[in-house]
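# after the sequence you'll find the predicted model.
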Amino acid sequence: MDEQSYLYGTGRRKCAIARVRLYPGTGIITVNDKPFESTYGAQSLRDTVLQPLVVTNTLGKFDVLAKVIGGGISGQVGAIRHGISRALLELDENLRPSLRSQGFLTRDSRIKERQKYGFRRARKQKQYRKR
């Protein structure tokens, strides 16, 4: 793999969509043209993004460039993780069992349920009054 080529993966979670590119490099992660550390402050969120690279022992070998739209912080982090996992599969199909066992290739399709008329939220009803 040369410097100009990259691996591509699209990740989705909740309402967030991440377009992830992996370039050969030193491990620099950029999200929406900003440094990864400034975008997601909590260490647990940063660890979540790095999980596929740690599991496949490719932590310092790729620069990650991610463009994320929609959703909140948690959904965006999950989408980036999903995108990185899919991009690593383009590199080596033999990584599939290790990524699959950790659940990184499964698209988490849980989204917010819509609000129904006559209800306060999706399922919460108005209080019943007998008298």
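Great, that's in hand. Numbering: from 1, shown residues only.

# contacting residues for the residue nearest the centre of the chain?
Taking Cα atoms, centre = their mean, the centroid of the chain lies closest to residue 79, which sits 2.1 Å from it. Shown in contact with residue 79 (Cβ atoms under 8 Å, 6 or more residues apart in numbering): 11-14, 16-18, 68, 71. To be clear about C-beta, it is placed using only N, CA and C from the backbone, and glycine gets the same treatment.

# may I ask which of the residues you listed has the most neighbours?
Neighbour counts for the contacts of residue 79, by other Cβ atoms under 10 Å, peak at residue 18, which reaches 29 neighbours.

# what helix or strand is the closest residue to that residue other than its chain neighbours on?
Spatial nearest neighbour of residue 18, excluding adjacent residues (Cβ to Cβ, 6 or more residues apart in numbering): residue 79 at 3.8 Å. Taking DSSP states H and E as the definition, residue 79 sits inside helix 73-91.

# before we move on, back to that, now the contacts of residue 79 as CSV including pLDDT, secondary structure and distance to residue 40?
Listed next are the contacts of residue 79 as CSV, based on pLDDT from 0 to 100; DSSP: H, G, I helix; E, B strand; the rest coil; distance: Cβ to Cβ, whole Å:
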residue, pLDDT, secondary structure, distance to residue 40
11, 96, strand, 15
12, 95, strand, 18
13, 94, strand, 14
14, 91, coil, 16
16, 95, strand, 12
17, 96, strand, 17
18, 96, strand, 12
68, 96, strand, 10
71, 91, coil, 13
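
# how about these in a markdown table, adding distance to residue 54?
Formatted as a markdown table, the contacts of residue 79 follow (distance: Cβ to Cβ, whole Å):
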| residue | distance to residue 54 |
| --- | --- |
| 11 | 17 |
| 12 | 22 |
| 13 | 19 |
| 14 | 23 |
| 16 | 22 |
| 17 | 24 |
| 18 | 18 |
| 68 | 20 |
| 71 | 23 |
